[in-house]
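**Q** Curious how this folds, go ahead:
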Amino acid sequence: MVHSQGEDAEWMLIGEFAERVGSSKDTVRFYTRLGLLTSGERAAGRRSYAVYDESQVERFSFIEQCKSLGFTLQEIGSGLRERDAGALTASRQQVLLEEKLRTIEQRIATLRQAEKKLRAKVDRSVQ
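**A** Predicted coordinates for the structure are as follows:
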């Protein structure tokens, strides 16, 4: 259930938000603790509840897209800070993507070397 907050903003409680983005409340809380997501507060009696607006749905999607490309949460946090400051231009995004691609290519090369060594050991032990 989406609720109005003020005149223009709409907010969702954490459970609603998690369901909307297809994730768990624990993940939403974790991303919020890391500063990747921003929540507001809604008082209800003596309790306060974390609330999320529509902008955080898009932000969550950006985080998940970056994770699927191999970026760490720390790298994503840096990217979000750049984006929030208006410094994540298309050319800067291209640089970050190229750097990540080189890192992944290096990791693949390292894994291929490890695979060769393991395969040689397995082949020797089978004979």
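**Q** Now the spatially most central residue of the chain: which helix or strand?
**A** Central residue check for the chain by Cα atoms, centre = their mean: the C-alpha nearest the mean position is that of I63, 2.9 Å away. Applying DSSP states H and E as the criterion places I63 in helix 54-68.
**Q** Helix or strand next in line after that helix, which one?
**A** helix 73-84.
**Q** contact partners of that next one?
**A** Helix 73-84 has contacts (Cβ atoms under 8 Å, 6 or more residues apart in numbering) with 31, 34-36, 59, 62-63, 66-67, 71, 88, 92, 96, 100. Glycine gets a C-beta too; all of them are placed from N, C-alpha and C.
**Q** what comes up buried for that helix?
**A** The neighbour-count check on helix 73-84 (16 or more other Cβ atoms under 10 Å) flags 75-77, 79-80 as buried.
**Q** any chance of these in JSON lines, with distance to V126 too?
**A** Output for these, formatted as JSON lines (distance: Cβ to Cβ, whole Å):
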{"residue": "E75", "distance to V126": "41"}
{"residue": "I76", "distance to V126": "43"}
{"residue": "G77", "distance to V126": "46"}
{"residue": "G79", "distance to V126": "47"}
{"residue": "L80", "distance to V126": "50"}
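**Q** Now for those residues: which two are most distant?
**A** Checked with Cβ to Cβ, these reach their widest spread between E75 and L80, with 9.7 Å between them.
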